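Peer 1: no sequence for this one, just the structure:
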RNA sequence: GCCGAUGUAGCUCAGCUGGUUAGAGCGAGGGAUUCAUAAGCCCUAGGUCGGCGGUUCGAAUCCGCCCAUCGGCACCA
């Protein structure tokens, strides 16, 4: 029995509006989650929102609302977008939920008890206007003047609680040496190791200059720095610190407003929560934390060190993807080339949600290089892969079965010929690629199968054979083999194209796939679902046009 | 500035430890067909492998320098 799979996205900062960056991370995670469920693995797929910090406090003040009110509105927006994109997350965690804040306090207490968090003094060059500190080198670069106001920086110090990151250097290096696949892609791994070699400094985990955060236990002058709070969501969602919260006596949240939005049952009484968390604990350690490259350091170094201090197992893998750029330019709001929610909506409305997922998953910046978002490229990808290959292949076989076999799956005297083995190979490739988070390769395996079917039809020419009734058995074999192979390819494509492949599975095999990769479920019999032989002879086969040929979307 | 990466056909990229005429997909051009969503199939790209220099019998593949692009350099979510 394979391990349960815990897949996470970063929790999204509520100060942002949803854009392609969020959509991308979430969608590729969703593809993997669905791919795992399809294989019969038990999956817990988590996403959520990060709601604390000075920026949120500042924005809220500027708008004359409370930080919680702002967070509520924007968290709701993120949740709306998840539903819009049919994301199969199993939970949505918000860092203002008591279930989270309580456990964060417990973890902080535990870290303190173990000496991993201690009180210290920080001093540096402070910019009064910006309310931020600069490092010595940076301050020198700035000639000890604020880059914004030009006013002189002042030497200031403040008392903070520190996480003793420096003490974990050796253990982290050991861990990295033993786990060369921990950080993906490999270039990022080298980056982190290089930086690790330069040495680690302790990191402050509290702030005193604003109040919108989780109060530091037993010292109310401090709030927990938002980053630390945010990282802990991966543990709190599974309730890993729930026993700690109980044992350390963190009964309620002081000074931290409870949120109104929540997942099912997550604002329930302790007994219910305890039960829920018991059922989730086995998902740890995480199978993959999917993140963007800008937050790699926190996930690859600080988070593992905190887990070491908490004596929890470390995640199996961190996958740091790169960024989308747009039309060859770095995306920026001022440039007007930012792929925001409105732009995404326009593409989804024009090409369909599955097509959007396909473009994200197969053309995105999954590896070290940034990817360019271009309407023409989107259109070409849609047309070449989905219309001309997937759609057309199903269409021509469906049409021939309608014409020559009365619209039902014919018998095959050849028992599949070489196709069951070819399907088997594609399945193996697909599984390996999915495991390696190589979505491109995972998509290519079934696509290749369809190319082979196109070639098979081209060479055997069933449409010519059909003109002589004597060839009926051969025609039936060819079409049966083609239809069965297309169905198998469709199953493998389902994590990418859940809606359309459901239609295909229904049209070519009589039963939809739906639930097998949706949230909270999994496929009990993957081997049977992807079996070439699954559909029964005589089942009706419908001709269908999965992906209509359409004109390129008008640019905004 | 420091550390690291990348620079191969119009586009996106393969080319591991050096060795015959440098590859794939997409796009573009041409052709034969019709089961199919004008899809599929066949043929076609002659690209100084960023530049210069070096090592070698021989380099896209090793070394040096230069140019360009990109990433990291910690309190930034």
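Peer 2: Great, that's in hand. Since the structure is predicted, the reported quantities are computational estimates derived from the model, not experimental observations.

Peer 1: For the residue in the stretch 201-350 of chain A positioned nearest to RNA strand B, list the residues it contacts.
Peer 2: Per C-beta to the nearest atom of the strand, residue A:227 is where the stretch 201-350 of chain A lies closest to RNA strand B, at 3.7 Å. Any C-beta I mention is one placed from the backbone N, CA and C, and that applies to glycine too. The neighbours of residue A:227, taking C-beta atoms under 8 Å, 6 or more residues apart in numbering as the test, are A:298, A:302.

Peer 1: Could you report the pLDDT at it?
Peer 2: Residue A:227 carries a pLDDT score of 88 in this model.

Peer 1: can you check the one 10 residues further on too?
Peer 2: We have a pLDDT of 95 for residue A:237.

Peer 1: Contacts for stretch A:369-383 next, please.
Peer 2: By C-beta under 8 Å, 6+ apart, stretch A:369-383 touches A:20, A:322-328, A:339, A:347, A:351, A:355, A:358-359, A:362-365, A:547, A:549, A:552-553, A:555.

Peer 1: List buried residues within these.
Peer 2: For these, a burial check counting by 16 or more other C-beta atoms under 10 Å picks out A:20, A:322-326, A:339, A:347, A:351, A:355, A:358-359, A:362-365, A:547, A:553.

Peer 1: residue in the stretch 451-556 of chain A nearest to RNA strand B?
Peer 2: For the stretch 451-556 of chain A, C-beta to the nearest atom of the strand, closest residue to RNA strand B: residue A:463, 3.0 Å.

Peer 1: and that residue, how many neighbours does it have?
Peer 2: 15 (other C-beta atoms under 10 Å).

Peer 1: Please narrow the contacts of stretch A:369-383 to those residing in strands.
Peer 2: Under the assignment DSSP state E, these contribute A:324, A:325, A:326 to strands.

Peer 1: which non-adjacent residue is nearest the last one?
Peer 2: So the one you mean is residue A:326. With sequence-adjacent residues excluded and distances taken as C-beta to C-beta, 6 or more residues apart in numbering, residue A:326 is closest to residue A:337, at 4.3 Å.

Peer 1: Please report phi then psi for that neighbour.
Peer 2: Dihedral pair for residue A:337: phi -110, psi 20, per degrees, to the nearest 10.

Peer 1: okay, and the helix or strand of chain A with the least pLDDT?
Peer 2: helix A:136-141 (a mean of 63; mean pLDDT, DSSP states H and E).

Peer 1: Quick one: mean pLDDT over stretch A:536-543.
Peer 2: In this model, stretch A:536-543 carries a mean pLDDT of 92.

Peer 1: Apologies, that question was intended for stretch A:361-378.
Peer 2: 87.

Peer 1: returning to what we had before: now do the same contact list for the residue of the stretch 451-556 of chain A closest to RNA strand B.
Peer 2: Neighbours of residue A:463 in contact, by C-beta under 8 Å, 6+ apart: residue A:400.

Peer 1: From residue A:479, how far out is it?
Peer 2: 10 Å (C-beta to C-beta, to the nearest Å).

Peer 1: joint contacts of these two?
Peer 2: Common neighbours of residue A:463 and residue A:479 (C-beta under 8 Å, 6+ apart) are residue A:400.

Peer 1: one step back: within reach of RNA strand B, which of the contacts of stretch A:369-383 are there?
Peer 2: Residues of these in contact with RNA strand B (C-beta under 7 Å from any atom of the strand): A:547, A:549.

Peer 1: what about the residue in chain A that RNA strand B sits nearest to, distance to residue A:220?
Peer 2: The nearest approach of chain A to RNA strand B comes at residue A:391, 2.1 Å away (C-beta to the nearest atom of the strand). Computed as C-beta to C-beta, the residue A:391 to residue A:220 distance reads 61 Å.

Peer 1: between these two, who's got more neighbours?
Peer 2: Legend: neighbour count by other C-beta under 10 Å for residue A:391 and residue A:220, higher for residue A:391 (22 against 11).

Peer 1: So which elements touch the helix or strand encompassing residue A:122?
Peer 2: Residue A:122 is part of strand A:117-127 when elements are defined by DSSP states H and E. Counting contacts by 3 or more C-beta pairs under 8 Å, 6 or more residues apart in numbering; DSSP states H and E, strand A:117-127 is packed against helix A:98-113, strand A:132-134, helix A:136-141, strand A:154-163.

Peer 1: quick one: buried residues of that strand?
Peer 2: So, applying 16+ other C-beta under 10 Å, buried residues of strand A:117-127: A:117, A:124, A:125, A:126, A:127.

Peer 1: could you give the angle of it to helix A:98-113?
Peer 2: 100 degrees (axes from the mean of the first three to the mean of the last three C-alpha atoms, to 10 degrees).

Peer 1: wait, the residue nearest to residue A:326 sits on residue A:324?
Peer 2: No: between residue A:337 and residue A:324 there is no contact, the gap being 10.5 Å when judged by C-beta atoms under 8 Å.

Peer 1: what do those two both touch?
Peer 2: With contacts taken as C-beta under 8 Å, 6+ apart, residue A:337 and residue A:324 have residue A:331 as neighbours in common.

Peer 1: Looking at chain A, name the residue that lies furthest from the middle.
Peer 2: Taking C-alpha atoms, centre = their mean, the residue of chain A most remote from its mean C-alpha position is residue A:470, at 53.7 Å.
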